[in-house]
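Visitor: I would like the atomic coordinates for the input below:
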Amino acid sequence: MSSQFAARTSVEAVEEGMLLAPKFDVNGLIPVITTDAATGEVLMHAYMNEAALLKNP
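Guide: Residues are numbered from 1 along each chain as shown. Now for the predicted structure:
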């Protein structure tokens, strides 16, 4: 399966580049944290796959 995200070619490209290059684990997931916008309180910790990340808000 090809990804719609940028390749992780270097630390500089990932940290300073203009393209999103998420690092999915061996199961194809990345951790997600949601927080309360006003307080910063952590509301949820979950994992999402590439398809979820590509969905429009």
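Visitor: quick one: the helices in the chain?
Guide: All helices of the chain, identified by DSSP state H, fall at 11-16, 50-54.
Visitor: Could you say which of these is packed most deeply?
Guide: Across those, averaging neighbours per residue (mean count of other C-beta atoms under 10 Å) puts helix 50-54 on top, at a mean of 12. Just so you know, the C-beta spots here come from the backbone N, C-alpha and C atoms, and that holds for glycine as well.
Visitor: Out of the helices of the chain, which gets nearest to Gly28?
Guide: helix 50-54 (6.5 Å; C-beta to C-beta).
Visitor: ok, the residue nearest to Ser3 when sequence neighbours are not counted - contacts?
Guide: Once flanking residues are discounted, Ser3 sits nearest to Glu50: 6.4 Å by C-beta to C-beta, 6 or more residues apart in numbering. By C-beta atoms under 8 Å, 6 or more residues apart in numbering, Glu50 lies in contact with Ser3, Gln4, Phe5, Pro22, Phe24, Gly28.
Visitor: try His45
Guide: Pro31, Val32, Ile33.
Visitor: Just the pLDDT for the residue lying closest to the first one once chain neighbours are set aside.
Guide: What that stands for is Pro31. Nearest non-adjacent residue to Pro31, counting by C-beta to C-beta, 6+ apart: Tyr47, 5.8 Å away. Reading off the confidence values, Tyr47 has pLDDT 97.
Visitor: And for Tyr47, the neighbour number?
Guide: For Tyr47, the count of nearby residues is 13 (other C-beta atoms under 10 Å).
Visitor: The chain should start at 42 in everything you say after this.
Guide: Let's use 42 as the start, then, which means that last one is Tyr88.
Visitor: Of all pairs in the contacts of Glu91, which one spans the longest distance?
Guide: Counting by C-beta to C-beta, the most remote pair of those is Gln45 and Gly69, 13.3 Å apart.
Visitor: residues in contact with stretch 50-59?
Guide: Contacts of stretch 50-59 (C-beta under 8 Å, 6+ apart): Ala47, Arg49, Leu60, Ala62, Lys64.
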